[in-house]
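Enquirer: Got a sequence here, can you build the structure:
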Amino acid sequence: MTTWITVCDTCKRSETGAVDAEGTDGERLAALVERAAAGRVQVRRFSCLMGCARACNVTIQATGKIGYTLAEFQPTREDAAAIADYAEMHQESDNGQVPYRQWPQGVKGHFATRHPALPDLAP
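Expert: Numbers count the residues shown, from 1 in each chain. You can find the predicted model right below:
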C-alpha cells in the first residue's frame, strides 16, 4: 500500500501568524517534504489539520495500516528528511508500525496521535 504524508499547509509556528514571501511555515515544510519524499512516498497538502497549538503538523497513513499524526516540526530540510524517512519505513511495514529503535532521530518526540486502520466494510 502507498503511504501518504499529509502536510498542513496553513500551520504557523508563531503567535503573530506571520506569512512571508515563501508563505506559511506549513507551506515551507510541505515544499521541503515534497522534495525529500520524491519517488519514495506520496505527499499532499491539506489546509488545517487542527493542531495549531503544536504546529507544524503532518499525518502519515495508508489504507489498511495504523496512521499517525506528528507535530511540532520546523520547516527545515532535516525535519523534512526525517518525516520522509519515517514515512518510507511506514510504507515498508505490513501494518504501519515501525519499531522505535528504527525511527529516525528527527521524529522522536513528535508523535501526537495514533489512528487505527479503518475496518474493511466492503460486503
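Enquirer: Spit out the contact partners of I5.
Expert: The contact partners of I5, by C-beta atoms under 8 Å, 6 or more residues apart in numbering, come to 33, 37, 41-44, 58-60, 83-84, 87. Every residue, glycine included, has its C-beta placed from N, CA and C.
Enquirer: Which ones among these map onto strands?
Expert: Per DSSP state E, strands hold the following members of the contacts of I5: 42-44, 58-60.
Enquirer: among those, who's most crowded?
Expert: V58 (30 neighbours; other C-beta atoms under 10 Å).
Enquirer: which residues of the protein fall in strands?
Expert: Using DSSP E, strands in the chain cover 4-8, 42-46, 58-61, 67-70, 111-115.
Enquirer: who touches stretch 28-36?
Expert: For stretch 28-36, using C-beta under 8 Å, 6+ apart, the contacting residues are 5, 7, 9, 11, 22, 43, 45, 56, 58, 73-77, 79-81, 83-84.
Enquirer: Can you say which of those are buried?
Expert: Among the contacts of stretch 28-36, those classed as buried by 16 or more other C-beta atoms under 10 Å are 5, 7, 9, 11, 43, 45, 56, 58, 73, 75, 79-81, 83-84.
Enquirer: ok, of these, which one's closest to D94?
Expert: Proximity of the buried ones among the contacts of stretch 28-36 to D94 (C-beta to C-beta) peaks at I5, which lies at 19.0 Å.
Enquirer: Once you drop chain neighbours, what's closest to V7?
Expert: In space, and not counting its chain neighbours, V7 is closest to A30: 4.0 Å by C-beta to C-beta, 6 or more residues apart in numbering.
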